[in-house]
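# Build the 3D model from these lines:
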Amino acid sequence: MNPALITVIPVYNESANIESVVAEWAGCFKAEIGDFQIILLNDGSKDNTGEVLARLAATYGAALRIVTKPNSGHGRTCRMGYDMALGLGAPWVFQIDSDGQCDPAHFHDFWAQRNGFDCLYGMRTVRDDGMGRVFISFCCRALLWLVTGAYLRDPNVPYRLIRSEPLREALRKVPEDFDIQNVALSLALCRMRTLRWKYIPIHFRARRGGENSINYQNIIKLGFNMLRDLRRVR
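Below you'll find the predicted structure:
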């Protein structure tokens, strides 16, 4: 039988965080759902993330699916996870990040309201991750609106629960080589006018441990590429 929920978590150099992230989210899913699977995609980590994931696989068994892949960046790794989740047949797909910023305390609200909606997106109303990240989110939202006319409150939020069929349809409209897949996916979903969509306020925590791999020069480059490539999102 297919699990009721598959969660996609891209992982890059998160040996300091991933064990606690899996523990708290597995506990949350067990309490709320019981029938779930987590896909952890190791995106070419250079630390000992792979060793930690191997230990987690032995501990959690079939509840975890570990994927080791060459580095392709956060966006394309998310896309690979979405495609895998759809192939496994779960009716709902959830995506979070691996750094401990996504708080399971909010998941009850998402799961309890799912039957009335097709997309439930977190909206980071309280953020502990610094003004630099807040500014990046603002720029992403503003540029997306200026270029496409679509206003999305938090287009790159990594806390999103999506019904599988709308997700499948939206991904058909997003090229696989698009770097910032989460923004492109948000845009494609937004253009599906019949979708029932809801934002749920969330508290976005500070990183639990380790070092933030954010590279502002790379983000600027990705931002320019996004503006160039948004026309390819149907």
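
# Please work out how many residues are found near Thr59.
Thr59 has 13 neighbouring residues, counting by other C-beta atoms under 10 Å. All C-beta atoms are positioned from the backbone trio N, CA, C, and that covers glycine.

# can you start the count at 32 instead of 1 from here on
Yes, from this point I'll number from 32; that puts the last item at Thr90.

# Which strand or helix spans it?
helix 80-91 (DSSP states H and E).

# Parallel or antiparallel, which strands does the following helix or strand past that helix pair with?
Next along the chain after helix 80-91, taking DSSP H and E as the criterion, comes strand 95-100. Strand 95-100 pairs in its sheet with strand 67-74 (parallel), by DSSP bridges.

# now the strand it pairs with against helix 80-91, angle please.
Interaxial angle, strand 67-74 versus helix 80-91 (axes from the mean of the first three to the mean of the last three C-alpha atoms, to 10 degrees): 160 degrees.

# what is the mean pLDDT for strand 67-74?
For strand 67-74, the mean pLDDT works out to 98.

# what do you get for stretch 182-199?
For stretch 182-199, mean pLDDT is 95.

# same question, stretch 132-145
Per-residue scores along stretch 132-145 average to 97.

# And that stretch, end to end?
Taking C-alpha to C-alpha, to the nearest Å, stretch 132-145 runs 22 Å from one end to the other.

# Which parts of the longest helix seen in the chain count as buried, going by neighbours?
The longest helix of the chain (DSSP state H) is helix 162-179. Across helix 162-179, burial judged by 16 or more other C-beta atoms under 10 Å covers Arg164, Ile167, Ser168, Cys171, Arg172, Leu174, Leu175, Thr179.

# could these be laid out in TSV, adding distance to Leu216?
Listed next are those as TSV, based on distance: C-beta to C-beta, whole Å:
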residue	distance to Leu216
Arg164	20
Ile167	18
Ser168	16
Cys171	13
Arg172	15
Leu174	16
Leu175	12
Thr179	13
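
# Just send these back as a markdown table, with pLDDT and distance to Glu82 too.
Shown next, in a markdown table, are the buried residues of helix 162-179 (pLDDT from 0 to 100; distance: C-beta to C-beta, whole Å):
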| residue | pLDDT | distance to Glu82 |
| --- | --- | --- |
| Arg164 | 83 | 29 |
| Ile167 | 83 | 31 |
| Ser168 | 86 | 33 |
| Cys171 | 83 | 34 |
| Arg172 | 88 | 38 |
| Leu174 | 83 | 39 |
| Leu175 | 84 | 38 |
| Thr179 | 86 | 42 |
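
# Regarding the nearest residue to Pro186 once chain neighbours are set aside, which helix or strand does it belong to?
Nearest residue to Pro186 in three dimensions, chain neighbours excluded: Ser217, at 4.3 Å (C-beta to C-beta, 6 or more residues apart in numbering). Applying DSSP H and E as the criterion places Ser217 in helix 212-221.

# what number of residues lie near Asp78?
14.

# In a strand, it, correct?
No. Per DSSP: H, G, I helix; E, B strand; the rest coil, Asp78 lies outside any strand segment and is coil.

# quick one: it from Glu45, how far?
Using C-beta to C-beta, to the nearest Å, we find Asp78 at a distance of 8 Å from Glu45.

# number of nearby residues for the closest residue in space to Cys171 that isn't next to it in sequence?
Once flanking residues are discounted, Cys171 sits nearest to Asn187: 5.4 Å by C-beta to C-beta, 6+ apart. By other C-beta under 10 Å, 21 other residues sit near Asn187.
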